[in-house]
Each structure stands twice: as C-alpha cells, then as structure tokens.
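> how would this look folded up:
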Amino acid sequence: MKPSTIASRFKQLPRDSALAQFMSRHDDGHGFITRLDRSPASSKRLTFAKALAMNICIFLFVTALAFVAIHKSLVGPQPSQHRLAVLVTEDVLLFAAILVILRSTTVPFFFGECRLRFQHGFQASEIVIRRPPTTASSSLPSNNKTVGEDQRMERSWRMAIHAINPQLLYSSAGAILSSDYWTMEYTAVFDALQCIAAGEFSDEDLEFAVFRKDNTNGIWSVCELWRMHEIMCDQQEIIMFKTFLTASGKQELLNIWQEMLSTSSVERSPSPKAYQVMTEKFAREGLDYEAIWSQVTENSTGPISL
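Numbering: from 1, shown residues only. Just a heads-up that it's a prediction; the model follows:
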C-alpha cells in the first residue's frame, strides 16, 4: 500500500452548507453511501423492465395466495376447534410473510422506482443513495488517528463497493434470497434532485463516497471513495480487472484506466473531472465502472459476470 503522502480524502462539510443540511434531513444515525450511476440508458431500461415483470409476478402470486387462504377459511365445513387454531396460525404466518415481501420489494419498487422513472425517465447519470449495511456501520470512516488514512479508506471502499453491488439491489431477482440485498433511499433521491435543480449543490457532490455524521459535534464528514485508485493494493483483484477488460475486447478502456493510475501517482490526487470522464467512457462501452469493481471484489477467485 502506498504511504499517506496524498492530500486528505476525509473532508468535513460546513455545518450550514446545503449538502450537510440535506444529509441531516434524511439521516437515521448511520450515514449514507452515494454514487452516480453512469451505466448506459439501454441497460437501465432493461433492468427496469426485468424488475417490473418480476414485481408484477410477485404481486399476482401473493394476491393468489391471499385469495386461496381467505377462500379456504370461508368456504367448506366448519373445522374443529383444534383445526381452527391451526388454520388461524397458518393464515397469520402466511400474511406476515406476504407483508414482508411486499414491504421489502414490491412497495418500494412501485412507489419509488416507478415514480422515479415516471418523473425523470432514464438519465445518462443518475443518483444512487443508500444507507450503509447495519453490519458495516463500524467500517465507516472515522477520525481514528491510530489507523492510517489509506487503510481507513481501503476499508471504507471495500465496504461501499460491496454495498452498491447492482446484483444485490432489491429489484433484482437474484437478490431476493440474499441477506445483503439493499434498497435505494428514494425519499433522499427525490429531495436531492430538487436541491440540484434549485442549484443548492451539484450531482458531482454525490460522486462515489461515504457520508457520516459525528454525533458529538453534529458535523458531517465525507470519504471520497472515487479516489480509490491510489489505495488499491490487492494484485489479484487488479489482475482480474485487467483480464476482464482484455477478454471483453476493451483494451482502450484498460489503457484509459492505466493512464488514470499513472496520472494519480504523478499528481497525487485525480481530479473529479478526470474520474467522471473515465467512468463516462466506460459507460459508452456499456460498462458500469464501479459495478465491475463490485464484481471483482465479490468474485476474487472466479470469473466476472455483469
């Protein structure tokens, strides 16, 4: 790992800044992970169509289950007292399971994702905001001086890059049975879009980062994870990343990425604009840069599948 000779990537937000006030409005004490999704609009449309079909099927399935359960309870011979207790227990468990599924998947999709697409469509760059996994709260950046800045940033980056894995998004079929599935904070996303439209802050302020509030003084700090080029140290993961691009016929993207690394080593800190340009070039080739790294960290011993 490189020595901490670079400028600090853990910044404090002014207490009265619009971004800090925005974060405070939606904070529940765990902070936020943000990123800009620059994957192709065609890919977003396909993902939305699959999620729509899945959620319609889920809604129809649970509706049919509920109808069968109600019909069985109302029609047929009067059961014995013991049998009645069993049926009531079965119905309670069934409706509890249906409620969990609807609350965690179908409701946020129809009232969050569908509303977002209806109002804003599919954009080239879209805001992603989620809360950190509850099991990873201790991995969020802090001002602990006993841990090196590079080590703290790498730890935060690994936690966040796993947390924004699009294959674990609640609207993906494969994420339903995963304990790491996640949902977007749609209330925060809608508020952020309004703030950006009003000129209070820009979407670039929400580039891949972790935000956390210090409860002792109420000050927000941000760990800019888009600067992760400087702290990558796992050679196996770097080799996997290069192999994936080469095998996909994306040698030009590999050259752009290597140029970014060499620029970072000379200038000690890549600019937000340079990072944006690089991720946009990946998007034009149909690839989500951060999603690739999420898959790399998830499959350090196997092939990458996007």
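> show the pLDDT at Tyr181.
The model reports Tyr181 with a pLDDT of 81.
> show the subsequent helix or strand relative to the helix or strand containing Glu154.
Secondary-structure assignment from DSSP states H and E places Glu154 in helix 149-163. Once the chain leaves helix 149-163, the next helix or strand it forms, by DSSP H and E, is helix 186-197.
> which positions within that following helix qualify as buried?
Within helix 186-197, the residues scored as buried using 16 or more other Cβ atoms under 10 Å are 186, 188-190, 192-193, 195-196. Placement of C-beta: from N, CA and C, glycine included.
> of all the residues you listed, which comes closest to Ile164?
Among those, Val189 lies closest to Ile164 (Cβ to Cβ), at 13.6 Å.
> so that closest one is in contact with Arg117, correct?
No. The criterion here is Cβ atoms under 8 Å, and Val189 misses it with Arg117 at 11.8 Å.
> what about the strands in the stretch 201-306 of the chain?
209-214, 219-224 (DSSP state E, counting those that start in this stretch).
> reformat these as JSON lines; add distance to Arg15.
What follows is the strands of the stretch 201-306 of the chain, written out as JSON lines (distance: least, Cβ to Cβ, whole Å):
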{"stretch": "strand 209-214", "distance to Arg15": "11"}
{"stretch": "strand 219-224", "distance to Arg15": "6"}
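> closest one to Ala69 among the ones you listed?
Nearest to Ala69, of all the strands of the stretch 201-306 of the chain, is strand 209-214, at 43.7 Å by Cβ to Cβ.
> who does that closest one touch, helix- and strand-wise?
Helices and strands touching strand 209-214, by 3 or more Cβ pairs under 8 Å, 6 or more residues apart in numbering; DSSP states H and E, are helix 18-26, strand 32-37, helix 149-163, strand 219-224.
> let me have those in TSV, extended by mean neighbour count.
Output for the helices and strands packed on strand 209-214, formatted as TSV (neighbours: other Cβ atoms under 10 Å):
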stretch	mean neighbour count
helix 18-26	17
strand 32-37	24
helix 149-163	21
strand 219-224	21
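> got the ones you listed as a markdown table, with mean pLDDT columns?
Shown next, in a markdown table, are the helices and strands packed on strand 209-214 (pLDDT from 0 to 100):
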| stretch | mean pLDDT |
| --- | --- |
| helix 18-26 | 94 |
| strand 32-37 | 92 |
| helix 149-163 | 74 |
| strand 219-224 | 88 |
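> Glu237 is nearest to which of those?
Glu237 lies closest to helix 149-163 among those, at 9.9 Å (Cβ to Cβ).
> hey, what's the angle from the closest one to strand 219-224? Just curious.
With axes from the mean of the first three to the mean of the last three Cα atoms, to 10 degrees applied, the angle from helix 149-163 to strand 219-224 works out at 80 degrees.
> any chance you could map the helices in this structure?
Assigned by DSSP state H, the helices in the chain fall at 18-26, 41-74, 81-101, 107-108, 114-120, 149-163, 186-197, 235-247, 251-267, 272-284, 289-298.
> in TSV, list those helices along with distance to Glu207.
Shown next, in TSV, are the helices of the chain (distance: least, Cβ to Cβ, whole Å):
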stretch	distance to Glu207
helix 18-26	12
helix 41-74	18
helix 81-101	34
helix 107-108	24
helix 114-120	19
helix 149-163	12
helix 186-197	13
helix 235-247	20
helix 251-267	14
helix 272-284	6
helix 289-298	10
